[in-house]
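Novice: got a structure for you, letters missing:
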């Protein structure tokens, strides 16, 4: 593979560039831009009609002039092993190049095929491209990891970030509860959100399992929390929460979406 082509454009988000730009502008038009860059954020990866506004609020916590690399960590929905991609990624707005130097610093296995059809990272890229056309990324897909493996990856990423003069920013890609009644989603998601607000990766990892919260990106969020904490994060903020029911008006089976920023 010489380039990772779009897998879900036209399904999760518009494949027409002008339509996509208009939609992003609509999302960001109601977001107040951040003044100080966070160390990392949590952003959902569902169809834009449902989760796009939450994602825009999460990315809106980042100042528009941020010029560093984005380390985008998403779950592997198809069960592949953890890996990083090192080839350019296509988006309807243009090609996004990898930061190969930072990829080498992470010391993760490179496997392009495991990224081929995965949407959890791809859906974030139009939001990143909005910062600048030459934005660079480090796309990391996570398979099953133990808590200690999450710690090692997060702290290793933090050490690489600390040694980079441009200070890359971490993005954990995750949706929250899946296909449960709205009231159940909000109650369970609050338990996970409270652990993230407390900058508690161990608590998040355990809570999601004990409470059976169907949060698909708990591992990316755990890794980013470990990294943010090692980088000196002292606070977290929930910038927006919603469920698919807010759009569909079907509250019997919803998916939850949360946007957070860590500083």
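Specialist: Received, thanks. Worth saying up front: this structure is predicted, and the values here are computed from it rather than measured. Numbers count the residues shown, from 1 in each chain.

Novice: pLDDT below threshold where in the stretch 1-150 of the chain?
Specialist: Within the stretch 1-150 of the chain, not a single segment meets pLDDT under 70.

Novice: Please, where are all the helices along it?
Specialist: Assigned by DSSP state H, counting those that start in this stretch, the stretch 1-150 of the chain shows helices spanning 17-28, 48-59, 100-106, 119-122, 125-129, 147-162.

Novice: Reformat those as a markdown table; add mean neighbour count and distance to residue 11.
Specialist: The C-beta positions use only the backbone N, C-alpha and C, and glycine is treated the same way. Below are the helices of the stretch 1-150 of the chain laid out as a markdown table (neighbours: other CB atoms under 10 Å; distance: least, CB to CB, whole Å):
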| stretch | mean neighbour count | distance to residue 11 |
| --- | --- | --- |
| helix 17-28 | 15 | 13 |
| helix 48-59 | 24 | 10 |
| helix 100-106 | 17 | 28 |
| helix 119-122 | 25 | 8 |
| helix 125-129 | 24 | 13 |
| helix 147-162 | 19 | 30 |
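
Novice: Verify the stated contact: residue 175 with residue 259.
Specialist: No - contact status for residue 175 versus residue 259: not in contact, 11.3 Å apart, counting by CB atoms under 8 Å.

Novice: wait, isn't residue 230 in contact with residue 160?
Specialist: No - if you go by CB under 8 Å, residue 230 and residue 160 don't touch, sitting 10.9 Å apart.

Novice: Identify the contacts common to those two.
Specialist: Both residue 230 and residue 160 lack any common contact, where contact means CB atoms under 8 Å, 6 or more residues apart in numbering.

Novice: For the residue nearest the centre of the chain, give me its contacts.
Specialist: Nearest to the mean C-alpha position of the chain, counting by CA atoms, centre = their mean, stands residue 173 at 2.3 Å. Shown in contact with residue 173 (CB under 8 Å, 6+ apart): 43-45, 72-75, 120-121, 123-124, 217, 220.

Novice: what's the closest non-adjacent residue to it?
Specialist: residue 74 (3.7 Å; CB to CB, 6 or more residues apart in numbering).

Novice: Distance check, that neighbour against residue 224.
Specialist: According to CB to CB, to the nearest Å, residue 74 stands 11 Å off from residue 224.

Novice: Out of the two, name the residue with the larger neighbour count.
Specialist: residue 224 (32 against 27; other CB atoms under 10 Å).

Novice: Touching, that one and residue 151? I think so.
Specialist: No - applying CB under 8 Å as the test, residue 224 and residue 151 come out as separate, 11.9 Å apart.

Novice: the strands in the stretch 1-150 of the chain, which residues?
Specialist: 40-43, 70-75, 83-84, 89-91, 94-98, 136-142 (DSSP state E, counting those that start in this stretch).

Novice: from the middle of its chain, how far away would the fifth one be?
Specialist: Just to be clear, that refers to strand 94-98. 17 Å (CA atoms, centre = their mean, to the nearest Å).

Novice: try the shortest one
Specialist: In terms of CA atoms, centre = their mean, the gap separating the centre of strand 83-84 from the centre of its chain is 15 Å.
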